[in-house]
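In: Sharing a sequence plus its predicted fold:
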Amino acid sequence: MIDSIPKFWNQLWFDQVSPAPVCLFRILFGLLVLISNIIWAPELLNYFGPNGLVSVATIEQFEHGPRFSLLFLQPNSEPFVIAIYAILLLSSLTVTIGLFTRPSLIILFVCLISFHHRNVAILHSGDTLLRLFTFLLIFSSAGKMFSFDNRTTSLTDQWKIRSDCWPQRLLQLQLAAVYCATFMARTVGQTWWDGTAVYYASRLEAFQRFPMPYVFDHLWTCQFLTYTTLLVELALFTLVWFKKTRYIALCAGILMHLCIDWTMNIPLFEYTMIIGFINFVEASDIKKFCQALKFGSAYQPAPR
Amino acid sequence: MNSGKKYFEMHHRKWIASVFIVTYICTTTLSLLPVSKIRNALFDPIRPLVLYSGLWQNFILFAPDPPKSNVGLTATITKRNGETAQWQHPVRKGLNIFDHCNKERYVSFCSYYANYNEVFRPDFARFIARSYRDDGNPPQTVTLERYWSDIPPPNIGLSQAVAPTENHCPVFTYSVKSSDLQ
């Protein structure tokens, strides 16, 4: 029993696996960070500038404890905010294409926490998750495939690359932890037990997006969606660990997030969760997918 | 036992990675556990480091229950000549999808932070005053007003449109200084 613990630990965290899922995740993650930050552009100085919604002094008063932010170094300078923002955009672009991947991820993380700590009052869960994903990606082999960093290695050879699985496992655990925490917090809520949670959520003006006729007008459909949400969340931190049930859980998760995205206005949060699922996909399945697209190892250049 | 021990001794990198893994899992678990005496006792010593490093996390949307009322914040700006203007957070107006996304963050700020945390209100009032800057007729006061309407229970509220924001109450009045408008 005691003998098997180090072996199990070793197998769980230090198995040599293809970094394909993490590398594919890096591309979509980088794109998402890029888009989410471009969206800030018109309101950048209102959200983070010296004459914006919240001053640095107020944030320091509101926060309980010290927080790191480059923006605290020059609290009264608009050009400084714009400069850090430009670095943020550039680093998210270089992460997406896999150019100087690890340094880019470190810079991206520093920039993200700088903006997030400058104004925590405008953040949502998606921002938190993107920040944590950035941190974990720093330790991964995210630049080893589908990247500029490794452009000299053929795609066929890239599929032979192996690296420690622990950064990917931590990315998986982090995502599962989100579902676990949300599920646990909701199980003590009365409306999640009586099935009316979706009814109340659908009546919140701030979150309303596209209409869903009939569905939100009947109690049975609201109850069905409430219990289904809980079940899918439960599956996404339990069934997702077993090969046989993993893809069923992930498909249910994608469907749930797309439905939420259609009906509720929580920009990009649902997509952050969906792209996180890539870390649960087997590298062999990604390879099959690439082969189906005539990409990767199956790709044969046409004879001249 | 020996093979496992040897393996670890030969791979210092794995030890360092293992310490990191355990630390990250413990930090995540403590961050996400419900508040309790035990959790606080364990988390408080590391909290400053977690906050400083940006590794804090909290995922409690619609937990334990979704809110049962629609809440928001508007502002009334009174100018020097007595004229008044009404400020609403931008998402309430008809916006295209891009504007909707970039201005959406006003919603959480107005609905929750500025509404329930007094500390944000003076800055927010100054921000609104600046957006109504007019040298000939500058804003004199900004009054933040909370509005809300309770969502009726399903037996009443189903098949009904969302109730209008029926309750209003001023929560903060700020006298604008000329330096605020610089």
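Out: Perfect, thanks for sending it.

In: Now for residue 84: which residues touch it?
Out: All of this refers to chain A. A:70-71, A:111, A:114-115 (CB atoms under 8 Å, 6 or more residues apart in numbering or on different chains). Every residue, glycine included, has its C-beta placed from N, CA and C.

In: meant chain B, my bad for not saying
Out: Applying CB under 8 Å, 6+ apart to residue B:84 gives the contacts B:76-78.

In: For stretch B:138-152, the averaged confidence score.
Out: Throughout stretch B:138-152, pLDDT has a mean value of 93.

In: can you pull the buried residues of that stretch?
Out: With burial defined by 16 or more other CB atoms under 10 Å in any protein chain shown, the residues of stretch B:138-152 counted as buried are B:138-139, B:142-149, B:151.

In: got it, and stretch A:6-17?
Out: Neighbour counts using 16+ other CB under 10 Å place A:6, A:9-10, A:13-14, A:17 of stretch A:6-17 among the buried residues.

In: same for the longest helix along chain B, what does it pack against?
Out: For chain B, the helix reaching the highest residue count under DSSP state H is reported as helix B:12-32. On a contact count with 3 or more CB pairs under 8 Å, 6 or more residues apart in numbering or on different chains; DSSP states H and E, helix B:12-32 meets helix A:4-14, helix A:166-187, helix B:2-10, helix B:37-43.

In: Nearest to residue A:279, out of these?
Out: helix A:166-187 (4.5 Å; CB to CB).

In: Show the backbone phi and psi for residue B:89.
Out: Backbone torsions of residue B:89, given as degrees, to the nearest 10, read phi -70, psi 140.

In: Give me the mean pLDDT for the longest helix of chain B.
Out: Computed over helix B:12-32, the average pLDDT equals 94.

In: what do you get for stretch B:100-113?
Out: The pLDDT scores in stretch B:100-113 average 85.

In: out of the contacts of residue A:84, which are inside helices?
Out: Checking the contacts of residue A:84 against DSSP H, those in helices are A:111, A:114-115.

In: Please indicate which of those are buried?
Out: Buried by 16+ other CB under 10 Å: A:111, A:114-115, out of those.

In: any idea which of these is closest to chain B?
Out: Distance ranking of these against chain B, using CB to the nearest CB, places residue A:114 first at 8.8 Å.

In: Distance of that closest one relative to residue A:104?
Out: Residue A:114 sits at a distance of 15 Å from residue A:104 (criterion: CB to CB, to the nearest Å).

In: Next, the buried residues of stretch A:278-285.
Out: A:278-281, A:283.

In: what ranges do the helices span in chain B?
Out: Using DSSP H, the helices assigned to chain B run over residues B:2-10, B:12-32, B:37-43, B:47-53, B:97-103, B:105-108, B:114-116, B:121-131, B:154-157.

In: Please enumerate residues in contact with the fifth one?
Out: Meaning helix B:97-103. With contact meaning CB under 8 Å, 6+ apart, helix B:97-103 is reached by A:39-43, A:265, A:267-268, B:89-91, B:95.

In: neighbours of residue A:86, just the number please.
Out: For residue A:86, the neighbour count with other CB atoms under 10 Å in any protein chain shown is 11.

In: Buried residues of the helix or strand encompassing it, list them for me.
Out: Assessed by DSSP states H and E, residue A:86 sits inside helix A:78-97. Across helix A:78-97, burial judged by 16+ other CB under 10 Å covers A:80-81, A:84-85, A:87-89, A:91-97.

In: Nearest to residue B:58, out of those residues: which one, please.
Out: The shortest approach to residue B:58 among those belongs to residue A:88, at 22.5 Å (CB to CB).

In: In contact with that closest one, which residues?
Out: By CB under 8 Å, 6+ apart, the residues touching residue A:88 are A:37, A:108, A:111-112, A:115.
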